[in-house]
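J.: Predicted structure and sequence below. I'll ask about it afterward.
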Amino acid sequence: MITPIIHRALTREDLSRLIAEIGRLDQGEARAAEQAVQAGEVDAVLDSPAALEAVRGRGGAPAAVPLTLLWYVPVRAALRARGVTDLELADYAATLPVVFATWRAVRTVARGETGIEVWWRYVESLPDGTVAQAEGAADVAALALWWAGCFPEWVRRRAAGRGMLRAYVTFAAQALALAARIPGPSGPFCARAAGEAEALHAALAEARSDYLGRDVHTPQRRLERFLGRLN
């Protein structure tokens, strides 16, 4: 089962690289970030506007920080803007693209036969009410959120345009809700994720605009993103 890993995987070196990128834009903010880290206030740094601006590279090339931070910082900011302050949910949403991009076994599953019907048949094939079914439901929910959030063009091409995107997000919420109903340690988290599935999808879609998609790294698109953020 895919669980939040960003905070668990975070190292002092990762934070140092983030602070260095903040320093490229504002040395005062970098000093404040270093002091906060020394005081153990890591989340205050990750949530700061300075970190978000540094990671986004002012609309240009993404910052030279680990993949975990490239996703976590903007996803967390997007969720906060939508009133979702749950750290674990932000960690989970950012974990999805990191896991599917870096774990070979998970990439193989993600690129295999896909679609709501296939995934639901898989969940139904597992013994009812078991931990295995809960974990299976949570994993197909993760797949649905990842596809809809990071590759919306592909999802739209499958069938009914924007309606298919909504179907994927609704499916993810239902699968997470099923996982939450089955007794187990992940139940409360899955319940929270089910309730915020739309916000998780929106945050992923917003963050991916810096990294994924056609012509996303061209000078014109970078300038458009920079000017859009100024507005």
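T.: The structure has been received and is ready for your questions.

J.: Pull out the buried residues from the helix or strand harbouring residue 76.
T.: Using DSSP states H and E, residue 76 sits in helix 67-81. Using 16 or more other C-beta atoms under 10 Å as the test for burial, helix 67-81 gives 68-79. All C-beta spots, glycine's among them, are computed from the backbone N, C-alpha and C.

J.: Need these in a markdown table (columns: distance to residue 91).
T.: Shown next, in a markdown table, are these (distance: C-beta to C-beta, whole Å):
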| residue | distance to residue 91 |
| --- | --- |
| 68 | 9 |
| 69 | 12 |
| 70 | 14 |
| 71 | 10 |
| 72 | 7 |
| 73 | 12 |
| 74 | 13 |
| 75 | 9 |
| 76 | 8 |
| 77 | 13 |
| 78 | 13 |
| 79 | 10 |
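
J.: how long is stretch 144-163 end to end?
T.: Taking C-alpha to C-alpha, to the nearest Å, stretch 144-163 runs 14 Å from one end to the other.

J.: try stretch 79-87
T.: 10 Å.

J.: Now do it: distance to the chain's middle.
T.: For stretch 79-87, the separation from the chain centroid amounts to 13 Å (computed by C-alpha atoms, centre = their mean, to the nearest Å).

J.: swap in stretch 24-32?
T.: With C-alpha atoms, centre = their mean, you get 26 Å for stretch 24-32.

J.: and that stretch, C-alpha only, in PDB?
T.: Below are the C-alpha coordinates for stretch 24-32, written out as PDB (Å, rounded to 0.1, in the frame of the first residue of the first chain):
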ATOM      1  CA  ARG A  24      19.700  32.300  -4.700                       C
ATOM      2  CA  LEU A  25      16.600  34.500  -4.400                       C
ATOM      3  CA  ASP A  26      17.000  36.100  -0.900                       C
ATOM      4  CA  GLN A  27      19.900  35.700   1.500                       C
ATOM      5  CA  GLY A  28      17.800  37.000   4.400                       C
ATOM      6  CA  GLU A  29      15.100  34.300   3.800                       C
ATOM      7  CA  ALA A  30      17.800  31.700   3.600                       C
ATOM      8  CA  ARG A  31      19.300  32.700   7.000                       C
ATOM      9  CA  ALA A  32      15.800  32.600   8.500                       C
END
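
J.: Show me which positions of that stretch end up buried.
T.: Neighbour-count burial for stretch 24-32 [16+ other C-beta under 10 Å]: 29-30, 32.

J.: Kindly report the same for stretch 186-193.
T.: For stretch 186-193, by 16+ other C-beta under 10 Å, it's 186, 189-190, 192-193.

J.: out of those, which are inside helices?
T.: Those of these mapping onto helices are 189-190, 192-193, per DSSP state H.

J.: And those, which two are furthest apart?
T.: 190 and 192 (7.4 Å; C-beta to C-beta).

J.: ok, then the element right after the one helix or strand residue 155 maps to?
T.: Secondary structure from DSSP H and E places residue 155 in helix 152-158. The helix or strand immediately downstream of helix 152-158 is helix 162-181, counting by DSSP H and E.

J.: what's the distance between that next one and the middle of its chain?
T.: In this view, helix 162-181 has its centroid 16 Å away from the chain centroid, taken as C-alpha atoms, centre = their mean.

J.: re earlier: which single one of the buried residues of helix 67-81 is nearest to residue 16?
T.: residue 69 (11.4 Å).

J.: Can you tell me the element the nearest residue to the closest one once chain neighbours are set aside falls in?
T.: Counting by C-beta to C-beta, 6 or more residues apart in numbering, residue 18 is the residue found nearest to residue 69 once chain neighbours are left out, at 5.8 Å. Using DSSP H and E, the element containing residue 18 is helix 12-25.
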